[in-house]
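**Student:** got a sequence here, can you build the structure:
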Amino acid sequence: MSRRPPRRRSAVRRPRRSRRQQRDDMQLLAVGVAAVVAISLAVAVVNWLIVHWWVLVVAAVVLVLGGLGWWQHRAQRAQWQQAQARALRYGLAQLDALSHRQFEHAIRDLMHRDGCPDAVQVGGQGDLGADVKATDPYGRRWVIQCKHRKNGDRGAAVGTPDLQVLNGTGRPVHRADVVVMVTNGRITQPGRTFARQQRLHLVDRQVLAQWAAGSRPLWELLGAVPPPRRPTARP
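**Tutor:** Just a heads-up that it's a prediction; the model follows:
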């Protein structure tokens, strides 16, 4: 009988690496090379700076001089802005030509001029009767509602209903010491009576003209303003 040839053993196949694994290996290798290069470069820079130490001195001097220049520029800009704020003036014709929102910003800027650095315009939907808020140099908190009339004193007069809304939120909600209604128009006589009874302050067209075109702060133009919370003199 003839013998059958022995069966060859099949070679063991190694599992092939997927393309994703090969890509990950390449990325890892690239990261390693980049790290080695970065470390070598950092060491070279440090060694160079050790030899050329005067470069660090020059860089430090330049940074100090640059910082001083930036600080001086910032201080000069702040002084210029303060001087500009102190010189702020409005005529009634200018105020009449504003939109309601611009009028609120103008009132905010006038409070800034008077020495209220935190004066902010907050009017808008859901303002609860407050269009401008500010704290004067004496620590008193102000809440101001603005009523702009496009036609000035020929527009609709501010009446008791408007003042009732302001009275209902000025102190209970906004915790104001001074609650003010400002308008470039008129205020009805019943509204004036209500304001007097509720200790609300009114700035009508005449008072607004005096305040906006002059240099006296608003609290010097209003009567019966609450006493200061702190004895800080106005600059």
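**Student:** state the distance from D153 to I187.
**Tutor:** 10 Å (Cβ to Cβ, to the nearest Å). For every residue, glycine as well, the C-beta is placed using N, CA and C.
**Student:** okay, these two: which has more neighbours?
**Tutor:** The neighbour count for D153 versus I187, taken as other Cβ atoms under 10 Å, is higher for I187 (22 against 15).
**Student:** tell me who's in contact with the closest residue to P217 other than its chain neighbours.
**Tutor:** In space, and not counting its chain neighbours, P217 is closest to D114: 3.8 Å by Cβ to Cβ, 6 or more residues apart in numbering. Shown in contact with D114 (Cβ atoms under 8 Å, 6 or more residues apart in numbering): D136, P217, L218, W219, R234.
**Student:** which residue sits closest to L208, ignoring its sequence neighbours?
**Tutor:** N184 (5.9 Å).
**Student:** so what's that neighbour up against?
**Tutor:** Each residue near N184 by Cβ under 8 Å, 6+ apart is listed here: L92, L95, D96, F103, H148, R149, G152, D153, R205, L208.
**Student:** which residues touch R101?
**Tutor:** Counting by Cβ under 8 Å, 6+ apart, R101 has contacts Q121, G123.
**Student:** for the spatially closest residue to K150 that is not a sequence neighbour, phi and psi?
**Tutor:** Once flanking residues are discounted, K150 sits nearest to D96: 7.1 Å by Cβ to Cβ, 6+ apart. Dihedral angles of D96 (phi, psi; degrees, to the nearest 10) stand at phi -60, psi -30.
**Student:** please enumerate the helices of this structure.
**Tutor:** Assigned by DSSP state H, the chain shows helices spanning 19-51, 54-86, 92-96, 100-113, 160-170, 189-198, 205-213, 218-221.
**Student:** circling back to that earlier point, any idea of the pLDDT on the residue nearest to L208?
**Tutor:** At N184, the pLDDT value in this model is 95.
**Student:** what about it, distance to Q164?
**Tutor:** 21 Å.
**Student:** now swap in V122 and tell me
**Tutor:** 20 Å.
**Student:** cool, and G115?
**Tutor:** 31 Å.
**Student:** the more surrounded of those two?
**Tutor:** More crowded of G115 and Q164, by other Cβ under 10 Å: G115, with 20 against 14.
**Student:** hmm, the more buried one is touching T135, no?
**Tutor:** No - the criterion here is Cβ atoms under 8 Å, and G115 misses it with T135 at 9.8 Å.
**Student:** hmm, back to that, which of the contacts of N184 lies closest to W54?
**Tutor:** F103 (60.9 Å; Cβ to Cβ).
**Student:** ok, the closest one - contacts?
**Tutor:** L95, C146, H148, N184.
**Student:** go again with 7 Å.
**Tutor:** Residues in contact with F103 (Cβ atoms under 7 Å, 6 or more residues apart in numbering) are L95, C146, H148.
**Student:** any chance of the residues you listed in TSV with pLDDT, distance to R108 and neighbour count as columns?
**Tutor:** Output for the contacts of F103, formatted as TSV (pLDDT from 0 to 100; distance: Cβ to Cβ, whole Å; neighbours: other Cβ atoms under 10 Å):
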residue	pLDDT	distance to R108	neighbour count
L95	94	13	21
C146	94	9	23
H148	96	13	22
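**Student:** any idea how far the residue most central in space within the chain lies from D96?
**Tutor:** In the chain, the residue lying closest to the centroid (Cα atoms, centre = their mean) is V120, at 9.0 Å. Look at V120 and D96: by Cβ to Cβ, they are 24 Å apart.
**Student:** could you do V225 as well?
**Tutor:** Taken as Cβ to Cβ, the span from V225 to D96 is 27 Å.
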